[in-house]
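>>> Provided below for reference: sequence and predicted model.
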Amino acid sequence: GAVVSQHPSWVICKSGTSVKIECRSLDFQATTMFWYRQFPKQSLMLMATSNEGSKATYEQGVEKDKFLINHASLTLSTLTVTSAHPEDSSFYICSAQIYNEQFFGPGTRLTVL
Amino acid sequence: KNQVEQSPQSLIILEGKNCTLQCNYTVSPFSNLRWYKQDTGRGPVSLTIMTFSENTKSNGRYTATLDADTKQSSLHITASQLSDSASYICVVSPREYGNKLVFGAGTILRVKS
């Protein structure tokens, strides 16, 4: 139980394009989902907290207009990286919360050329 | 400032040997402390979760301890296997942060045959 999936698992895009990453809780409903970014050999950095049906709460320094988050249902949250640039290349990980525990997705490797 | 520090930064051991990873934290008060295993290019997977009142928690070959007085936790791995090669992350949930987590930088473990 408590499985979280992400799609795609990796994506390569050109600079200036937008990329959408999906995060799904497969066997449970999650009122709260989190989006993290992880650079090589560093730990996870929280980008934003997403609650179903309401606007996401972004961490300091994270541009909400660049990283669009939509939490349309209790099992799906999406992160759209708009006008991506090479510095946005990173490993993006989502988590879904149930009973005060977060379950992490497998991550999405984004490479911006 | 809420911090979680882990040591060593990296560790190489022979297959079959035991090892202990350390975590020092300044987060207080906290709801729980967790240890995660993160394989390269994958999301973190929970190994143990302890509330502030628990001293030890086991999960197969993994045993976590918690000393709330010294603000230290350790993760002991017995009879290591090649598949234990991964990053091990100590994560603390501050009571004041609600659902947010504070991540350590992780210890990279490599098990050699």
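Arrived safely, thanks for sending.
>>> Those residues of chain A touching chain B, which are they?
A:4, A:6, A:32, A:34, A:42-44, A:46, A:49, A:91, A:93, A:95, A:97, A:100-107, A:109 (CB under 8 Å from any CB of the partner chain). Where you see a C-beta, it was placed from the backbone N, CA and C, and this is true even at glycine.
>>> Sort out for me which of those are in helices.
In helices, judged by DSSP state H, none of those are found.
>>> per-residue pLDDT, the residue in chain B that chain A sits nearest to?
Of all residues in chain B, the one sitting closest to chain A is residue B:43 (3.7 Å; CB to the nearest CB). With respect to pLDDT, residue B:43 has a value of 92.
>>> confidence score at the residue nearest to it when sequence neighbours are not counted?
Excluding its sequence neighbours, the residue lying closest to residue B:43 (CB to CB, 6 or more residues apart in numbering or on different chains) is residue A:104, at 3.7 Å. Per-residue confidence at residue A:104 stands at 95 (pLDDT).
>>> Test my guess that residue A:104 contacts residue A:93.
Yes - look at residue A:104 against residue A:93 with CB atoms under 8 Å: they come within range, at 5.8 Å.
>>> Could you pick out the residues of chain B near chain A for me?
Contact residues, chain B versus chain A (CB under 8 Å from any CB): B:31-32, B:36, B:41-46, B:49, B:89, B:99-101, B:103-106.
>>> Tell me, how many residues neighbour residue B:52?
Neighbourhood size, residue B:52 [other CB atoms under 10 Å in any protein chain shown]: 15.
>>> OK, contacts around the residue of chain B closest to chain A?
Going by CB atoms under 8 Å, 6 or more residues apart in numbering or on different chains, residue B:43 touches A:4, A:6, A:93, A:95, A:104-107.
>>> same deal with residue A:49?
Applying CB under 8 Å, 6+ apart to residue A:49 gives the contacts A:32-34, A:56-57, B:99-100.
>>> Tell me the most packed of the residues you listed, by neighbour count.
residue A:33 (29 neighbours).
>>> Would you mind measuring from that one to residue A:65?
Note on residue A:33: its distance to residue A:65, by CB to CB, to the nearest Å, is 20 Å.
>>> Over to residue A:38?
Taken as CB to CB, the span from residue A:38 to residue A:65 is 22 Å.
>>> re earlier: residues shared between the contacts of residue A:104 and residue A:93?
Common contacts of residue A:104 and residue A:93 (CB under 8 Å, 6+ apart): B:43-44.
>>> So in terms of bridging, what pairs with the closest residue to residue A:19 other than its chain neighbours?
Once flanking residues are discounted, residue A:19 sits nearest to residue A:81: 4.8 Å by CB to CB, 6+ apart. Legend: beta-bridge partners of residue A:81 under DSSP bridges are residue A:19, residue A:67.
>>> Tell me how far residue A:81 lies from chain B.
As judged by CB to the nearest CB, to the nearest Å, residue A:81 and chain B stand 18 Å apart.
>>> What confidence value was assigned to that residue?
For residue A:81, the pLDDT comes out at 97.
>>> Same question for the one 4 residues further on.
Listed pLDDT for residue A:85 reads 96.
>>> That one reaches residue A:112, doesn't it?
Yes - applying CB under 8 Å, one finds residue A:85 in contact with residue A:112, separated by 5.9 Å.
>>> Can you pick out the residue with more neighbours from the two?
Higher neighbour count among residue A:85 and residue A:112: residue A:112, with 20 against 11, using other CB under 10 Å.
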